[in-house]
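Student: When you get a sec, could you give me coordinates for this:
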Amino acid sequence: MSADGRLVLAHLSDPHLGAHLPAAARALVADVAAAAPDLTVVTGDLTMRARPEQFRQARVLLDQLPHPSLVVPGNHDLPLTNPVARFVAPYHGYRRFVAETLTPVVVLPDAVVCGVSSMPRWRWKSGRVGRGQADRLVRLMRRAPAAAVRIVAMHHPLSVRGPAGVVGRGRLLHALERAGVDLILTGHTHVPAVHPIRLAGDRRVLEVTAGTATSVRTRGATQSWTLLHIDPQQATVRVEPRFYDGYGWYCGAAVVLTLRG
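Tutor: Reported below is the predicted structural model:
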């Protein structure tokens, strides 16, 4: 935690190792370390095709990034071209090289961060969150102190609607309201963004989407990651996107937003 009592989070997503810029990956480690985060969150798509060599690269990157860390899988972290492996052991590579659990939980001073796995084996790109995961999230969050900032990390954004949206979105939004969640960290789109998502009544939850950290698949943007400074006392978050220009990382336009709106 910083000297002013703020919680510092580094939010990375979609490095797509195997289809990445090695120079961006090398520079990324130093840039994240300079921020001295209390927690590094990686919201999926560590690999391009879930191959062992790509997972090995992911393991090296994760070991170099500041700890503690919380990581959840994305759609690219399941085998795409091997349907047998996808059906029999879809998370084998992820569990071998990244983490045994798909739904990690990290408790910090004044905050609790819960990972949600939004990529079942039978979907290929868009996500799904089941009733069991939604209920588990409510149980975990309700155990936290009343003043704690409640954060969810998952790969697929809830701000995306229609056929590309998360199946079970309404169920999960209801769970977020019941759990008192303040902030959702997502990836998948490769473009950094901030969206307020309306829950029941006048309450909303803030979704922060990180861009692609190192992939060449920038979708009209550039490589980026997001630095967050959370003030639990004031219930605010400063969201600072950081971009790579081929020479190093620089700060984009930061915004300060209110949590628990």
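Student: which strands and helices sit next to the helix or strand containing Q133?
Tutor: Following DSSP states H and E, one finds Q133 within helix 131-142. If you count contacts as 3 or more CB pairs under 8 Å, 6 or more residues apart in numbering; DSSP states H and E, helix 131-142 packs onto strand 111-115, helix 169-179. Every C-beta, even on glycine, is put in place using the N, C-alpha and C of the backbone.
Student: helices or strands next to the longest one in the packing?
Tutor: Which is helix 169-179. Going by 3+ CB pairs under 8 Å, 6+ apart, helix 169-179 lies up against helix 131-142, strand 204-209.
Student: Report the distance from that helix to the chain centre.
Tutor: Relative to its parent chain, helix 169-179 has a centroid offset of 18 Å by CA atoms, centre = their mean, to the nearest Å.
Student: hey, C-alpha coordinates of the helix or strand that it is followed by in CSV?
Tutor: The helix or strand immediately downstream of helix 169-179 is strand 183-186, counting by DSSP H and E. Taking Å, rounded to 0.1, in the frame of the first residue of the first chain, the C-alpha atoms of strand 183-186 are listed here in CSV:
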residue,chain,number,x,y,z
LEU,A,183,-14.9,-3.0,-9.4
ILE,A,184,-14.5,-5.5,-12.2
LEU,A,185,-11.2,-6.0,-14.0
THR,A,186,-11.5,-7.6,-17.5
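Student: Report the distance from strand 183-186 to the chain centre.
Tutor: Distance, centroid of strand 183-186 to centroid of chain: 6 Å (CA atoms, centre = their mean).
Student: now the angle between strand 204-209 and whatever helix or strand comes next after that strand, please.
Tutor: From strand 183-186 onward toward the C-terminus, using DSSP H and E, the following helix or strand is strand 193-198. In terms of direction (axes from the mean of the first three to the mean of the last three CA atoms, to 10 degrees), strand 193-198 departs from strand 204-209 by 160 degrees.
Student: Now do the contacts for L257.
Tutor: V194, L206, T236, V237, V239 (CB atoms under 8 Å, 6 or more residues apart in numbering).
Student: Distance check, it against P157.
Tutor: L257 sits 16 Å away from P157, going by CB to CB, to the nearest Å.
Student: what does Q233 give?
Tutor: In terms of CB to CB, Q233 sits 28 Å off from P157.
Student: got it, and G211?
Tutor: G211 is 12 Å from P157, by CB to CB.
Student: try L172
Tutor: 12 Å.
Student: Likewise for A146?
Tutor: 28 Å.
Student: Look at the two and report which has more neighbours.
Tutor: Neighbour totals were compared for A146 and P157, and P157 leads with 25 against 6 (other CB atoms under 10 Å).
Student: contact partners of the helix or strand where E53 lies?
Tutor: E53 is part of helix 52-64, with elements assigned from DSSP H and E. Helix 52-64 is contacted from outside by 15, 17-18, 25, 28-29, 42, 46-48, 69, 71, 93-94, 96-98, using CB under 8 Å, 6+ apart.
Student: pLDDT value on the residue nearest the centre of the chain, please?
Tutor: Nearest to the geometric centre of the chain sits T43, at 2.8 Å (CA atoms, centre = their mean). Per-residue pLDDT puts T43 at 98.
Student: Backbone dihedrals for it, please?
Tutor: With angles defined as degrees, to the nearest 10, T43 sits at phi -100, psi 50.
Student: hey, where'd the strands end up in the stretch 1-150 of the chain?
Tutor: For the stretch 1-150 of the chain, the strands defined by DSSP state E, counting those that start in this stretch cover 7-12, 39-43, 69-72, 105-108, 111-115, 149-153.
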